[in-house]
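Undergrad: heads up, no residue letters with this:
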């Protein structure tokens, strides 16, 4: 689909700035990779200087930029908030595959499952008894939805997602391939004789507008619910243990592990490969830096890191100091000798 | 299913302590979440004081507690070991789905596979030639069992487990969704020309009463067997490399990585996100704390942590000391100046 | 299949050294596990002394060894480069299952997909519209190949691999079970109102002779391509974020996480559980030790470790020094007292 720059500005709701009608635009790409028939994107206004050179060299026909970005070396479509234009352009040039309602003939849908006529069930998917699939929900190929599980309106489960029995996904949420929702929590009663399994009879409840990456594991609660709040985004290979409570609009980056019954309040961020012990609370808006381990409750609005967990500024001071430690040991040994000499002189 | 407190005490094999017939009990829940028709649970005897307030406030009709737990503010079913009653109640109110023997019509079972008539094969599962599925074994939807692999009596593979060719799972073991048993070990012979794959021709052998979480990966041996011993429990997203030998009744917590040919003796515990180098042995009953990395052999019965690995007590001392390091550097600089002054006075 | 030692030497292209015709050889195993009818393997020449005892005790009928390995206590097949003989023997005694071209009747292959007649599509696999499967490519049971994705000649996707729409795998590459190629990158535009998803419209491009382990996740690019170069080998549970660029012949060990837009030049090694921040470059041939976190660009040919990243030698010095820190604090306290005393004497 190719449009003139003028048409594109109108479609995206931006302001054309530069010669028009420009060449036909047929796609969007990065400043470095864009070709003559493509538009590119300049984020924000701070980094304009940094990118002016690249923009002068780009083969792109035009750029999406901020109103405040100043003069640019090529035609632009301007926006007060350029990301709005960028997202609109990505969607315009790459429209989502249309959802074609219906159940693929190779899927197995139990006769007692309830699938909305406006839902789409892909090839070789399985929907067990008493499961409920909402309108415009999409289960891709080879998805598994267990007995009595629920998928809300407009949510998408990518190929090979597993949603275990009784668990629920809200509306307009996205679950990526290989993710398992509702596996048993890791709970045993250990004695000298061994480890007796504690039946895990709770569920997992995923809110609305949640996105969960690939090969994530979220365990069902021992009793009650493991919860992920509305608007929260979870990256790949994350582990949430049984009875974890995640608030709204949290960000959990790849390979994070959250231990049992831990509470993340709204808008918490856990950076990559971070972890938590069990039964602690991370306060609203707090950020745990990469590799940090939450070893105790953290109040709201903090920036913390390290293991054991510390204020990020302190952790950084310690890391700086560490590089001086080998030298420091020599210095102290030297001081001891000096002091000895002085003591002797004193006598 | 609702029963009187009196009936429940008899069913669970506990001692009724309090007014009976109590109200009808229809479920079990935590002290905080239990409703009027439910029973709750008080673990152990140490934490009774801590929980008395919550117990006074609970809406539960009764509590499962220890004989020795002292007087409680609501009717109780008493047990010498309260966990026994708790597990029994969980099972009574949440009976496992009955196993319905037979092969689902949508499953593909190779004509040369041997499936016990008392086994259950779910929708769209695959069982390849010469595989053997034992009595009362259960393969859920979309499970894959490769050529010549074996699943023992009473074991359950949850949806989308992969058991590669020739690998074996013992009796009464549980494998959760997304877990891969028998992927090739990571073995190459590297030269200037690149990395030549070393064929991985061994297998994975899982013992009896083992439980393995979701999205775990256990690689087949280069030659011989990668082994997981009877009664061992493994959490989600754990990686066991080729030729790893795990003993009996070990506990391996989420996101642990164990490198090639490492040996974990019986009853070893690896806490969350721990790791090991290859070709080391962790002695019987040793515990590696969270994030610890086993960098050398560890004798039996130790508590170790850190990277490089240390006795846990030493690691804690060092972590405490670290917080004083920035201050220490200033102190030493000050001492140097002091000493200079003194020296000058001396001359 | 049993052959005389003489025949085996000829088949493997080695030099027979010892009594012949030896006993019939029917397999290969490790020095410790080999039985009377098997041959074993002695790598290299450095460790000969170390293994002479084991070799004297082995039940193996013969050993594959280096020409330069010196006299051995049992018959040998000698090679200038013994690994060549070891790999040949593994392949001879464990030939790969023959590829039987054709589409399994239970697979779903879209009528607009292009499957080479010499390719093999396993039970319950899914190949969507416009996908292209090359000659002698093998898709095992329950594999998913999305719309317009491509699998090159001779590549194998093990059971339950997911290759998302538009992504490509080159020739003679191996992808293990549970791995997801082309899941959406973790990209949002965050405001006070929440996190708006940035459509991820790029792809993943896997080169030739690449091997990727089990339950790995590689995200598609926001725009453009996430790339893995020819000959690179990736272990289990690794995460590569959107727009990551991995060069040729890299080694990425289990549970590593690579953040967005990071570049690994050719022959980079990331050891187990290492990580990187985003938008950094690791130079050609550099090795990041286990658990290291790449926090900035690294030049070629380095050995680095720790978090923040340091030269490995420095990190080791610091780790040694750390164990002296608690003692050091006491020493300094003592020095302060000494100095005080001296000062008083001075006055």
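TA: In hand now; what should we look at? All figures in this text were calculated on a predicted structure; none of them were measured in a lab. Numbering: from 1, shown residues only, chains lettered A, B, ... in the order given.

Undergrad: pretty sure residue A:218 contacts residue A:227?
TA: No: taking contacts as CB atoms under 8 Å, residue A:218 lies outside contact range of residue A:227: 9.7 Å. Placement of C-beta: from N, CA and C, glycine included.

Undergrad: between the two, which has more neighbouring residues?
TA: Neighbour count, other CB atoms under 10 Å in any protein chain shown: between residue A:218 and residue A:227, residue A:218 has more, with 30 against 21.

Undergrad: distance of the residue nearest to the more buried one when sequence neighbours are not counted relative to residue A:212?
TA: Leaving aside its sequence neighbours, residue A:218 sits nearest to residue A:240 (CB to CB, 6 or more residues apart in numbering or on different chains; 4.4 Å). From residue A:240 across to residue A:212, the span is 10 Å (CB to CB, to the nearest Å).

Undergrad: shared neighbours, those two?
TA: Listed contacts common to residue A:240 and residue A:212 are A:218, A:228, A:234; contacts here mean CB atoms under 8 Å, 6 or more residues apart in numbering or on different chains.

Undergrad: helices or strands up against the lowest-mean-pLDDT helix or strand in chain A?
TA: Lowest mean confidence among the helices and strands of chain A (mean pLDDT, DSSP states H and E): helix A:48-57, at a mean of 87. Helix A:48-57 sits against no helix or strand, with contacts defined as 3 or more CB pairs under 8 Å, 6 or more residues apart in numbering or on different chains; DSSP states H and E.

Undergrad: counting neighbours, which bits of stretch A:18-38 end up buried?
TA: Residues of stretch A:18-38 classed as buried: A:18, A:22, A:25, A:27, A:28, A:29, A:30, A:31, A:33, A:34, A:38 (neighbour count, 16 or more other CB atoms under 10 Å in any protein chain shown).

Undergrad: same check on stretch A:271-287?
TA: A:271-277, A:280-287.

Undergrad: so stretch A:290-297, near chain C or not?
TA: Yes: Stretch A:290-297 is in contact with chain C by CB under 8 Å from any CB of the partner chain, via A:290, A:291.

Undergrad: can that stretch be found next to chain B?
TA: Yes: Stretch A:290-297 is in contact with chain B by CB under 8 Å from any CB, via residue A:293.

Undergrad: show residues contacting that stretch.
TA: By CB under 8 Å, 6+ apart, stretch A:290-297 touches A:253, A:262, A:270-277, A:280-283, A:288, A:304-309, B:290-291, C:275, C:277, C:293, C:307.

Undergrad: do stretch A:197-206 as well
TA: Contacts of stretch A:197-206 (CB under 8 Å, 6+ apart): A:164, A:166-170, A:173, A:175, A:181-182, A:184-185, A:187-189, A:212, A:218-228, A:242-243, B:86-87, B:90-91, B:93-94, B:174, B:211.

Undergrad: now swap in stretch A:2-9 and tell me
TA: A:11, A:15-16, A:18, A:20-26, A:37, A:39, A:61-62, A:75, A:77, A:89, A:92.

Undergrad: okay, and which of those residues map to helices?
TA: Counting by DSSP state H, these place A:11, A:89, A:92 in helices.

Undergrad: out of these, which are buried?
TA: A:89, A:92.

Undergrad: so which of the ones in helices among the contacts of stretch A:2-9 are also by chain C?
TA: Within the ones in helices among the contacts of stretch A:2-9, nothing lies near chain C by CB under 8 Å from any CB.

Undergrad: in a markdown table, list the ones in helices among the contacts of stretch A:2-9 along with distance to residue B:113 and pLDDT.
TA: Compiled in a markdown table, the ones in helices among the contacts of stretch A:2-9 are given as follows (distance: CB to CB, whole Å; pLDDT from 0 to 100):
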| residue | distance to residue B:113 | pLDDT |
| --- | --- | --- |
| A:11 | 57 | 96 |
| A:89 | 53 | 96 |
| A:92 | 51 | 96 |
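
Undergrad: for residue B:298, state which of the ones in helices among the contacts of stretch A:2-9 is nearest.
TA: residue A:89 (56.7 Å; CB to CB).

Undergrad: and the lengthiest helix in chain A, which residues are buried?
TA: In chain A, taking DSSP H as the definition, the longest helix is helix A:325-346. Buried positions in helix A:325-346, judged by neighbour count with 16+ other CB under 10 Å: A:325, A:328, A:329, A:331, A:332, A:335, A:338, A:339, A:342.

Undergrad: show me what it is packed up against.
TA: helix B:325-346, helix C:312-322, helix C:325-346.

Undergrad: can you list those in a markdown table and add mean pLDDT?
TA: Listed next are the helices and strands packed on helix A:325-346 as a markdown table, based on pLDDT from 0 to 100:
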| stretch | mean pLDDT |
| --- | --- |
| helix B:325-346 | 91 |
| helix C:312-322 | 97 |
| helix C:325-346 | 91 |
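
Undergrad: could those go into JSON lines alongside distance to residue A:142?
TA: Shown next, in JSON lines, are the helices and strands packed on helix A:325-346 (distance: least, CB to CB, whole Å):
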{"stretch": "helix B:325-346", "distance to residue A:142": "53"}
{"stretch": "helix C:312-322", "distance to residue A:142": "44"}
{"stretch": "helix C:325-346", "distance to residue A:142": "54"}
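
Undergrad: what is residue A:234 paired to in the beta sheet?
TA: For residue A:234, the beta-bridge partners are residue A:212, residue A:252 (DSSP bridges).

Undergrad: near chain C, from the buried residues of stretch A:18-38?
TA: Within the buried residues of stretch A:18-38, those near chain C by CB under 8 Å from any CB are A:28, A:29, A:30, A:33.

Undergrad: number of nearby residues for the closest residue to the third one other than its chain neighbours?
TA: Using CB to CB, 6+ apart and skipping residues adjacent in sequence, the residue nearest residue A:30 is residue C:223, 5.5 Å away. When neighbours are defined as other CB under 10 Å, residue C:223 has 27 of them.

Undergrad: same check, this time on residue A:303
TA: 16.

Undergrad: ramachandran coordinates for it?
TA: Torsion angles at residue A:303 (phi, psi; degrees, to the nearest 10) stand at phi -120, psi 110.

Undergrad: which residues does it contact?
TA: A:286, A:287, A:289, A:311, A:312, A:313.

Undergrad: which residues touch the third one?
TA: Each residue near residue A:289 by CB under 8 Å, 6+ apart is listed here: A:271, A:274, A:303, A:304, A:305, A:306, A:312, A:315.

Undergrad: I am finished for the moment; much appreciated.
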